[in-house]
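Enquirer: below are the sequence and a predicted model; questions follow.
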Amino acid sequence: QVQLVESGGGLVQAGGSLRLSCAASGRTFSMYAMGWFRQAPGKERELVATITSGGSTDYADSVKGRFTISRDNAKNMVYLQMNNLKPEDTAVYYCARGTTGWARRPRDFGSWGQGTQVTVSS
């Protein structure tokens, strides 16, 4: 069973930046797609960004041009660089592992971290 541990959340002013990190356990990290989700109070969990095992990325329209997902297979890490943050980006952010090397839809993900809080003040 994979373990995913997020870090890097915090409080930032609008227009600022944060970098989220996710450490994954196991020796097969490179074989799986990874993703970042977020959930704001009273809202459903939203898929924010994905990266396949081959490094292909995809983003929700709401974050395109501002967020960048990346991975370091040698370190079993996945990152989410968030720039030009807006108050509507406030949410708990979750790292997730895909069930295969390709994942673009929420149902393609099967393992989750505990989440890290991101709060953007106006």
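Expert: The structure has been received and is ready for your questions. Predicted, not measured: the structure shown is a model, and the values here were computed from it. Numbering: from 1, shown residues only.
Enquirer: could you pull out the strands for the protein?
Expert: For the chain, strands defined by DSSP state E occupy the ranges 4-7, 10-13, 18-24, 34-39, 46-51, 57-59, 67-72, 77-82, 91-98, 109-112, 116-121.
Enquirer: would you list these in CSV and tack on mean neighbour count and mean pLDDT?
Expert: (Each C-beta comes from the backbone N, C-alpha and C, glycine too.) Below are those laid out as CSV (neighbours: other C-beta atoms under 10 Å; pLDDT from 0 to 100):
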stretch, mean neighbour count, mean pLDDT
strand 4-7, 17, 98
strand 10-13, 13, 98
strand 18-24, 20, 98
strand 34-39, 24, 98
strand 46-51, 22, 97
strand 57-59, 16, 97
strand 67-72, 18, 98
strand 77-82, 22, 98
strand 91-98, 23, 98
strand 109-112, 17, 95
strand 116-121, 17, 98
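Enquirer: in the sheet, who's paired with the residue most central in space within the chain?
Expert: Geometric centre of the chain, nearest residue: residue 36, 2.2 Å, by C-alpha atoms, centre = their mean. Residue 36 has these beta-bridge partners by DSSP bridges: residue 49, residue 95.
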